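Chemist: Could you work out the structure for the sequence below:
(one chain, ligands or ions: 1)
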Amino acid sequence: MHFDPYSPELHEDPYPVYRALRDEHPAYHNEELAFWAISRHADVRAALLDPETYCSGQGIAVGLGDLPQSGAGGAPMLIMMDGPRHTRMRAIVSRAFTPRRIAGLEPRIRELTRELLDAWRDEEEVDFVRGLSGPLPTVVIAELLGIPRDDHAWFKRKSTEVAEFDPARIRAREDPAERRLEPVIELGRYLAERLAERRSRPRDDLLSALLAAEIDGEKLTEVETVGFAFLLLVAGNETTTNLLSNSAIQLDRWPDERRKLVADPRLVPRAVEECLRFDSPVQGLARTLTRDVELHGAALPKGDKVLLLFASANRDERRFPDAERFDVTRDPNPHLAFGLGAHFCLGASLARLEARVALEELLARHPDYRLCEGPIARIRSGPLRGALRLPIRLAA
Ligand code: HEM
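Modeler: A predicted model of the protein is given here:
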């Protein structure tokens, strides 16, 4: 069989392909793009919990060949660090990115959600992405970082461009200078400017907190701080947008499950976990092997890339009873949509909070919304799964 995570056909419905991988090729090798893919829950989990063998420092995407895999114009990013360097940086940023800071955002997130839904008041049909799932996470992160309001739209555009990671398109650019992922550089430069402002005049925002955060007298360097702020944008924006859109899609496809939520909104947190499991916003990320590994009879050599397919692990019937069923009451739900172990998503609590508030407010106002007919315009990105546009009908 052939599995290419960048193929547009796969984006239509990757799940039968993942099933075939799990059942027939649990250690799949793609020679052309030079990577392995592992797809069973037990294997993906074990790899996530063994960062010494499955390391992140040489990039977390597959099939890029000679293209750069760095952060904001070369700034190191937490998600692509290993060992003590990763531990140290994660400890420092955790000082600024605290559960308290996140939980404190709930009233503002609800207010923003209501404002966005207010704009639907006289509409029968709206684009869910433009009207809710796109702007909400961007505004939340931008406000958290302390980015001026006038820059929010530019910000969203740039982070979408960065997230739309299509190696073929980047390679096809004629001018080699253009191949350097220019939106990455623009964003990095922009963040460096905002940080310089905070350094001379600290404020009550995350950028200022990042500049102040320290462990044993050690602080982040300038370039590390830019790298981290940049990572929050690319790791937090598009992913949360896709979680909201994918949730809206599943709640349309499973009306009985939606009715349970409308009848009892206390189920929403569990429903959010089920949305994360059933149609994971991040389908998979890669590691590089630091030693030879044997898996399901295959010999995976040191230095090779291995794609960890979270989205497949989350549908693995070896781990989840009735894995192909979307069940808003599922409990326990040990999905791997946020990864696990050393690199477990730092923004998981923020993503969960935004999704809970958005679903609560959406279902309270529009319990009978329906997706408009027609194929869903999918984002074209290897690791991410979501919709570019999602027209929905509000009136019955
Ligand atoms: C539904 C939304 C989200 C999903 C599905 C998601 C998924 C993930 C996954 C799978 C990882 C692990 C990466 C790896 O193991 O290589 C990760 C890491 C990370 N995420 Fe998220 N994420 C989401 C939202 C957010 C948000 C809102 C933020 C921040 C505002 C964020 C910040 C981060 C950071 C900083 C890391 C790197 C942690 C580290 O390397 O130590 N994420 N995320």
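Chemist: what about the strands in the stretch 201-350 of the chain?
Modeler: With strands called from DSSP state E, counting those that start in this stretch, the stretch 201-350 of the chain shows them at 214-215, 218-219, 285-289, 293-295, 298-300, 305-308.
Chemist: and of the ones you listed, who's closest to residue 390?
Modeler: strand 285-289 (24.5 Å; Cβ to Cβ). For the C-beta atoms, the positions are set from N, CA and C on the backbone; glycine is no exception.
Chemist: who touches the closest one?
Modeler: By Cβ atoms under 8 Å, 6 or more residues apart in numbering, the residues outside strand 285-289 that reach it are 35, 47, 51, 53-62, 300-308, 310, 339, 383.
Chemist: Determine if any part of that strand is in contact with the ligand.
Modeler: Yes. Contact of strand 285-289 with the ligand (Cβ under 6 Å from any ligand atom) involves residue 285.
Chemist: Please apply the same query to stretch 324-344.
Modeler: Yes. Contact of stretch 324-344 with the ligand (Cβ under 6 Å from any ligand atom) involves 337-339, 343.
Chemist: For the residue lying closest to residue 6 once chain neighbours are set aside, give its distance to the ligand.
Modeler: Distances taken as Cβ to Cβ, 6 or more residues apart in numbering place residue 382 nearest to residue 6, at 4.8 Å, with adjacent residues excluded. Relative to the ligand, residue 382 is positioned 14 Å away (Cβ to the nearest ligand atom, to the nearest Å).
Chemist: Confirm for me that residue 382 is in contact with residue 5.
Modeler: Yes. Between residue 382 and residue 5 there is a contact under Cβ atoms under 8 Å: 4.7 Å.
Chemist: Need the residues touching each of those two.
Modeler: By Cβ under 8 Å, 6+ apart, the residues touching both residue 382 and residue 5 are 62-63.
Chemist: could you flag which of the contacts of strand 285-289 are buried?
Modeler: Neighbour counting with 16 or more other Cβ atoms under 10 Å marks 35, 47, 51, 53-57, 59-62, 300, 304-308, 310, 339, 383 as buried within those.
Chemist: I'd like to know which of the strands of the stretch 201-350 of the chain lies nearest to residue 115.
Modeler: Nearest to residue 115, of those and by Cβ to Cβ, is strand 285-289 at 33.6 Å.
Chemist: so how far is the closest one off the chain centroid?
Modeler: Offset of strand 285-289 from its chain centre (Cα atoms, centre = their mean, to the nearest Å): 17 Å.
Chemist: Restricting to C-alpha, output that strand in PDB.
Modeler: Taking C-alpha atoms only, strand 285-289 is exported to PDB below (Å, rounded to 0.1, in the frame of the first residue of the first chain):
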ATOM      1  CA  LEU A 285       4.200  14.300  14.200                       C
ATOM      2  CA  ALA A 286       7.600  12.800  13.600                       C
ATOM      3  CA  ARG A 287      10.600  11.800  15.500                       C
ATOM      4  CA  THR A 288      14.100  10.900  14.600                       C
ATOM      5  CA  LEU A 289      15.600   7.600  15.800                       C
END
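Chemist: tell me which parts of this protein are close to the ligand?
Modeler: Checking the chain against the ligand by Cβ under 6 Å from any ligand atom, the hits are 56, 60, 78-79, 90, 141, 231-232, 235-236, 239-240, 243, 281-282, 285, 337-339, 343, 345-347, 350-351.
Chemist: and the end-to-end length of stretch 329-338?
Modeler: 19 Å (Cα to Cα, to the nearest Å).
Chemist: Now find how far off-centre it is within its chain.
Modeler: For stretch 329-338 - counting by Cα atoms, centre = their mean - the centre lies 16 Å from the chain centre.
Chemist: got it, and stretch 145-164?
Modeler: For stretch 145-164 - counting by Cα atoms, centre = their mean - the centre lies 16 Å from the chain centre.
Chemist: For it, list every residue counted as buried.
Modeler: Quick answer for stretch 145-164 (16+ other Cβ under 10 Å): 145-147, 152, 155-156, 158-160, 162-164.
Chemist: Max pairwise distance over those residues: which two?
Modeler: 146 and 164 (25.8 Å).
Chemist: and residue 190, how far is that from residue 379?
Modeler: The spacing between residue 190 and residue 379, counted by Cβ to Cβ, to the nearest Å, is 23 Å.
Chemist: Flag the shaky bits of the chain, pLDDT-wise.
Modeler: Counting by pLDDT under 70, the chain contains low-confidence residues at 64-75, 163-181, 396.
Chemist: Could you pull up the residues touching residue 110?
Modeler: 357, 361.
Chemist: where's it, which helix or strand?
Modeler: helix 106-118 (DSSP states H and E).
Chemist: ok, then the element right after that helix?
Modeler: strand 125-127.
Chemist: who does that following strand touch, helix- and strand-wise?
Modeler: If you count contacts as 3 or more Cβ pairs under 8 Å, 6 or more residues apart in numbering; DSSP states H and E, strand 125-127 packs onto strand 391-393.
Chemist: Residues contacting the strand it packs on, please?
Modeler: Around strand 391-393, the neighbours that count as contacts under Cβ under 8 Å, 6+ apart are 124-128, 248, 252, 369-372, 374.
Chemist: Nearest to the ligand: which residue in the stretch 101-250 of the chain?
Modeler: Proximity to the ligand, evaluated over the stretch 101-250 of the chain using Cβ to the nearest ligand atom, is greatest for residue 236 at 3.1 Å.
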